[in-house]
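Peer 1: Return a 3D structure for these sequence lines:
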Amino acid sequence: MAAVDGGRQSDLSTRAVSAVVMVAVAGGALWLGGWAWGAFVALVGLGVLWEWIGLVRGFVASPVRRGLWHAAGFGYIGLAASVLVILRGSQAGLGALLMVVAGVVATDICAYFAGRTIGGPKIAPRISPSKTWSGLIGGMLGAGLAVLAVSVLVELQANAIAWQAIGQQTGKAPLLLAAQSADLTLAFAGMIMAVVAQVGDFGESWMKRRAGIKDSGHLIPGHGGLFDRADGMLAVLFVLGVVMLAKAMTNP
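Peer 2: Coordinates of the predicted model:
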């Protein structure tokens with residue numbers, strides 16, 4: 001038992017260290033922006049595409065079908081990566097990018113704890129046995145609150161002087177005033193984001209089950225591959241990219 005507990009503790013420590021490194025590298029690149037962010041996104045995108053191709057080889061035998069899958073992966077990952085670069089390139093888009101990141105992270109965390117605490121019926125046990133309806137609901141609520149909270153902080157930072165002046169006039173804290181004026185539709189957007197992220201998670205789980213493997217790769221100690229970590233984010237960014245393209249086409 002001591003050996004088992006020691007192994008679990010070691011695995012937890014590995015996952016924690018890996019998570020800290022991932023956050024530090026990604027956060028540093030995001031803060032720097034420019035070429036650093038573009039290079040980071042390009043490297044991660046190429047890594048995910050490589051793992052996508054590896055998964056496809058595990059369950060698609062026909063060269064023609066493989067080519068179609070590879071093309072689909074290039075378009076899917078490429079559009080998502082492009083959205084990351086575009087959003088970081090604009091001041092207004094940076095706030096939206098932070099909301100996307102917060103929403104996806106909150107989805108993963110809240111879905112995990114809600115699923116473990118409440119349990120209940122599985123969503124698709126043949127694809128992902130650990131995913132429950134309670135976890136999905138918890139992820140949706142967490143994402144909605146996270147997106148709303150980030151939107152308030154972004155608004156407060158962008159118009160700090162105005163909120164300070166209003167706060168002095170009303171005698172209320174600027175943060176409270178900004179929260180009271182928050183756009184609640186963003187919470188709904190966060191909940192939709194959580195559903196999309198879960199769909200992306202299921203999509204990658206389906207590919208891994210078809211390929212007969214547990215992880216998409218072994219690049220990140222304790223976490224598997226890049227695709228394992230980015231599946232939900234990719235789905236959200238891809239949908240956001242489709243929406244952006246649709247708006248650009250209808251409003252040239």
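
Peer 1: When you work out contacts or count neighbours from here on, use the C-alpha atoms and nothing else.
Peer 2: Fine.

Peer 1: which residues of the protein fall in helices?
Peer 2: 2-32, 34-59, 63-89, 91-118, 133-158, 160-170, 174-180, 185-211, 226-250 (DSSP state H).

Peer 1: Nearest to residue 218, out of the ones you listed?
Peer 2: Set against residue 218 and scored by C-alpha to C-alpha, the helices of the chain come closest in helix 226-250, at 8.4 Å.

Peer 1: Which other helices and strands does the closest one contact?
Peer 2: Applying 3 or more C-alpha pairs under 8 Å, 6 or more residues apart in numbering; DSSP states H and E, one finds that helix 226-250 contacts helix 34-59, helix 63-89, helix 91-118, helix 185-211.

Peer 1: Can you give me the buried ones in that helix?
Peer 2: Residues 226-228, 230-241 are the ones in helix 226-250 that count as buried (16 or more other C-alpha atoms under 10 Å).

Peer 1: what angle do it and helix 185-211 make?
Peer 2: 130 degrees (axes from the mean of the first three to the mean of the last three C-alpha atoms, to 10 degrees).

Peer 1: Give me the distance between residue 143 and residue 137.
Peer 2: Plainly put, residue 143 is 10 Å away from residue 137 if you go by C-alpha to C-alpha, to the nearest Å.

Peer 1: Between these two, which contacts overlap?
Peer 2: Common neighbours of residue 143 and residue 137 (criterion: C-alpha atoms under 8 Å, 6 or more residues apart in numbering): none identified.

Peer 1: Compare these two and say which is more crowded by neighbours.
Peer 2: For residue 143 versus residue 137, the count of surrounding residues by other C-alpha atoms under 10 Å is larger for residue 143: 35 against 19.

Peer 1: So, low pLDDT: which residues of this protein?
Peer 2: For the chain, the stretches flagged by pLDDT under 70 are 1-12, 15, 221-223, 252.

Peer 1: farthest residue from the center of it?
Peer 2: Ranked by distance from the centre of the chain (C-alpha atoms, centre = their mean), the top residue is residue 169, with 39.5 Å.

Peer 1: So that residue versus residue 251, what's the distance?
Peer 2: 41 Å.

Peer 1: residues near residue 25, how many?
Peer 2: Neighbour number of residue 25 under other C-alpha under 10 Å is 13.

Peer 1: can you tell me how far the closest residue to residue 217 other than its chain neighbours sits from residue 238?
Peer 2: Distance criterion C-alpha to C-alpha, 6 or more residues apart in numbering; nearest residue to residue 217, sequence neighbours excluded, is residue 225 at 3.8 Å. Distance check for residue 225 against residue 238: by C-alpha to C-alpha, it reads 19 Å.
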